[in-house]
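Trainee: give me a model of this one.
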Amino acid sequence: MELVDNFNDAAKFTGKLISNIGNLIILIIVAVIPIVDLIFLGYMAKIIKEGRNIDSPPTLSNYAGLFVDGLKVVIAAIVYLLVPIVIVAVLAVISAPFIGVSFIFNPWAFATSLMAAVAVALIVAFVFMIFGVVAIGNMIRSGSFMKIFAFGENWKIMSRIGVGKYLAWLICAFVLGIICGGFNAIPVMGWVIGAIVGVFFGVFVARSLARWLDAALESSLPPAIPPPPPAP
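Mentor: Numbers count the residues shown, from 1 in each chain. Okay, here's the model as predicted:
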């Protein structure tokens, strides 16, 4: 599967959200409530797990199960983001006195330092999530939390997708996520627009990752043994 084909499939799948307005409204409500939004993460996990077995977004059900699945995704993401968080925290502590001085005497230098810190945080997080996204996908597909530590297996999945292709996809998803998140900055109604866009983006990324996993995991299966020839 090529990147364009993957995105086309994900876009068609996501577009079907509007075929069930009631389900879409519930997804939007669930996605904007803190803690409860874990249900939406669990919903994304369900899409990733089902892969090609579904051709449209499923109807919300089993809220407790989705909540637990969403919590597992959050914990797995924290595990992979723990090192970046520590690195950023250390840099913040070291640079705090200099940033404080620049804020007093040179606001421009303060703004530049702040933007640099945010850039470092995003870059470090992206590097770690290169492996984290595949690991979380493998965890969801296998049903085993320990798969996030199966580094060799996760690398093989990434290799079957194609490292270059996977990195291109991840960069596109990363940039698209930043753009979608920007809707929340719109005055007054930004949070409503952001919530709607966030649901569509989440479903899109979940389906897109699911299709990569379909291709990678199917290629790892042994070839089918042909049936024996009929008896003469």
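Trainee: just give me the neighbour total for residue 31.
Mentor: Using other Cβ atoms under 10 Å, the number of residues around residue 31 comes to 20. C-beta: built from backbone N, CA, C; applies to glycine.
Trainee: oh, that last question was meant for residue 53, not what I typed.
Mentor: 8.
Trainee: mind starting the numbering at 14 from now?
Mentor: New numbering, starting at 14: the last item is residue 66.
Trainee: need the phi and psi values for it.
Mentor: Backbone geometry at residue 66, expressed as degrees, to the nearest 10, gives phi -70, psi -20.
Trainee: run the chain-centre distance for the helix or strand hosting residue 226.
Mentor: Secondary structure from DSSP states H and E places residue 226 in helix 203-231. Chain-centre distance of helix 203-231: 7 Å, with Cα atoms, centre = their mean, to the nearest Å.
Trainee: in that helix, what counts as buried?
Mentor: Residues of helix 203-231 classed as buried by neighbour count (16 or more other Cβ atoms under 10 Å): 207-230.
Trainee: please apply the same query to stretch 31-50.
Mentor: Applying 16+ other Cβ under 10 Å to stretch 31-50 flags 33, 36, 37, 39, 40, 41, 43, 44, 45, 50 as buried.
Trainee: ok, residues contacting it?
Mentor: Contact partners of stretch 31-50, identified using Cβ atoms under 8 Å, 6 or more residues apart in numbering, comprise 30, 52-53, 56, 69-70, 72-73, 80, 83, 204, 208-209, 211-212, 215.
Trainee: any low-confidence regions in this structure?
Mentor: 104-127, 130, 232-245 (pLDDT under 70).
Trainee: among the contacts of stretch 31-50, which pair sits farthest apart?
Mentor: The distance between the two most remote of the contacts of stretch 31-50 (Cβ to Cβ) is 27.4 Å, for 69 and 204.
Trainee: tell me the contacts of the residue nearest to residue 216 when sequence neighbours are not counted?
Mentor: Closest residue to residue 216 apart from its sequence neighbours, by Cβ to Cβ, 6 or more residues apart in numbering: residue 27 at 4.9 Å. By Cβ under 8 Å, 6+ apart, residue 27 lies in contact with 70, 213, 216, 217, 220.
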